[in-house]
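This is the structure alone, sequence omitted:
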């Protein structure tokens with residue numbers, strides 16, 4: 001349980017605020033963990049130098065066991081090269097092919113659903129993270145004319161699809177639901193369904209189901225208790241994971257992990273993004289960053305500390321010792337202090 005070394009990218013907006021509180025929690029539960037803070041990777045540096053993530057930055061990240069990220073994005077930077085140069089470079093060069101987002105209802109009052117029997121969402125959205133519609137493959141023909149044509153390719157490979165579906169089966173408790181749009185996108189859809197059937201054959205103890213993405217979205221907001229693990233393509237998983245987070249009470253407390261299960265390396269980050277509209281106001285919810293830290297610890301041999309953090313989070317939310325978005329009145333720092341007090 002010793003020897004864990006993590007790199008931290010505070011990033012932009014509320015990122016540095018919530019990361020500071022996650023590190024305070026880390027110091028309370030596992031002070032022996034070595035932390036390397038890489039605070040030069042941000043929008044200010046990009047605006048000044050044009051560099052999003054340098055080779056030296058990437059080398060420091062590779063030298064660690066995991067990466068904790070606050071948020072990337074600032075309205076002052078209009079170029080997509082910044083976010084792509086950080087997030088997509090990390091995903092592609094570190095081969096973080098799994099995006100894993102648990103969605104768990106922390107308290108019944110946070111659910112937007114009317115029926116109490118269907119509020120208890122407790123599922124994981126597994127999203128393919130290195131293929132699909134976000135590869136940047138495509139182009140524009142006759143740009144700036146009335147006949148402009150823009151093409152983005154949605155890429156699915158047998159290697160990529162089979163390995164992310166295999167991961168979904170490995171973490172499932174009872175069922176894997178594969179989501180696609182094979183009735184309208186037949187070629188990629190057929191590949192996803194074939195890989196799903198092959199994986200199901202290797203895991204006979206796990207139930208399986210299939211939904212088209214529109215039906216899956218509808219079911220997430222009508223009866224999310226139906227799901228255990230959902231696996232989907234990059235774009236579909238991106239949308240469904242945000243829907244699941246909203247059904248679980250909002251983005252503020254939602255964690256995520258970008259993983260390469262083969263190497264064990266992961267990038268852990270809260271789902272909420274940089275939220276520049278509330279940066280510096282002291283109301284940002286730190287629970288997403290703290291829960292992301294718990295995922296990191298659980299994946300790297302600190303299961304007891306991770307479970308203690310999750311229990312403390314639930315307790316603070318139950319007592320309304322949390323930020324306003326979850327029904328409390330605490331500041332960012334106070335909400336993290338409440339978690340630390342529960343740990344004590």
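Noted; the coordinates are in hand. Remember, predicted model here, so these are calculated numbers, not experimental data.

Residue 15 and residue 86 touch, don't they?
No - between residue 15 and residue 86 there is no contact under Cβ atoms under 8 Å: 11.4 Å. C-betas here are computed from N, CA, C, even on glycine.

So between these two, which is more surrounded?
residue 15 (28 against 23; other Cβ atoms under 10 Å).

Please enumerate the shared neighbours of residue 15 and residue 86.
Residues within reach of residue 15 and of residue 86 at once, by Cβ atoms under 8 Å, 6 or more residues apart in numbering, are 9, 72.

how about residue 154, what does it touch?
Listed by Cβ under 8 Å, 6+ apart, the contact set of residue 154 reads 132, 133, 185, 188, 233, 235.

and if we set it to 10 Å?
131-135, 137-138, 181, 185, 187-188, 233-235 (Cβ atoms under 10 Å, 6 or more residues apart in numbering).

The stretch 51-200 of the chain: helices as residue ranges?
For the stretch 51-200 of the chain, the helices defined by DSSP state H, counting those that start in this stretch occupy 55-62, 81-83, 89-93, 158-171, 186-202.

Out of the ones you listed, which is closest to residue 213?
helix 186-202 (10.2 Å; Cβ to Cβ).

what packs against the next helix or strand after that closest one?
Downstream of helix 186-202, the next assigned helix or strand under DSSP states H and E is strand 207-212. Where contact means 3 or more Cβ pairs under 10 Å, 6 or more residues apart in numbering; DSSP states H and E, strand 207-212 is packed against strand 175-180, helix 186-202, helix 213-220, strand 229-232.

winner for burial among those?
Here the criterion is mean neighbour count by mean count of other Cβ atoms under 10 Å, and of the helices and strands packed on strand 207-212 the winner is strand 229-232, at a mean of 28.

Show me what the helix or strand just after it is packed against.
Heading C-terminal from strand 229-232, the first helix or strand you meet, by DSSP H and E, is helix 234-247. The contact analysis (3+ Cβ pairs under 10 Å, 6+ apart) places helix 234-247 against strand 98-104, strand 122-128, helix 158-171, strand 175-180, helix 213-220, strand 229-232, strand 255-260.

Turn those into JSON lines, columns for distance to residue 3 and mean pLDDT.
Listed next are the helices and strands packed on helix 234-247 as JSON lines, based on distance: least, Cβ to Cβ, whole Å; pLDDT from 0 to 100:
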{"stretch": "strand 98-104", "distance to residue 3": "24", "mean pLDDT": "98"}
{"stretch": "strand 122-128", "distance to residue 3": "28", "mean pLDDT": "98"}
{"stretch": "helix 158-171", "distance to residue 3": "25", "mean pLDDT": "98"}
{"stretch": "strand 175-180", "distance to residue 3": "34", "mean pLDDT": "98"}
{"stretch": "helix 213-220", "distance to residue 3": "40", "mean pLDDT": "97"}
{"stretch": "strand 229-232", "distance to residue 3": "31", "mean pLDDT": "98"}
{"stretch": "strand 255-260", "distance to residue 3": "19", "mean pLDDT": "98"}
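
of those, which approaches residue 51 most closely?
So among the helices and strands packed on helix 234-247, strand 255-260 is nearest, using Cβ to Cβ, at 21.4 Å.

Would you give the sheet partners of the helix or strand following that closest one, along with the direction of each?
Going down the chain from strand 255-260, the next helix or strand is strand 265-270, by DSSP H and E. Paired strands of strand 265-270, with direction, are strand 66-71 (parallel), strand 255-260 (antiparallel) (DSSP bridges).

what's the closest of those strands to residue 94?
Using Cβ to Cβ, the strands paired with strand 265-270 put strand 255-260 closest to residue 94, at 6.2 Å.

what is the orientation angle of the closest one with helix 234-247?
Interaxial angle, strand 255-260 versus helix 234-247 (axes from the mean of the first three to the mean of the last three Cα atoms, to 10 degrees): 150 degrees.

hang on, the earlier thing: to residue 100, which of the helices and strands packed on strand 207-212 lies closest?
strand 229-232 (9.4 Å).

Reformat the strands paired with strand 265-270 as TSV; add mean neighbour count and distance to residue 192.
Below are the strands paired with strand 265-270 laid out as TSV (neighbours: other Cβ atoms under 10 Å; distance: least, Cβ to Cβ, whole Å):
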stretch	mean neighbour count	distance to residue 192
strand 66-71	26	28
strand 255-260	23	20
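
Output the ones you listed as CSV; include the columns distance to residue 324.
Shown next, in CSV, are the strands paired with strand 265-270 (distance: least, Cβ to Cβ, whole Å):
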stretch, distance to residue 324
strand 66-71, 19
strand 255-260, 20
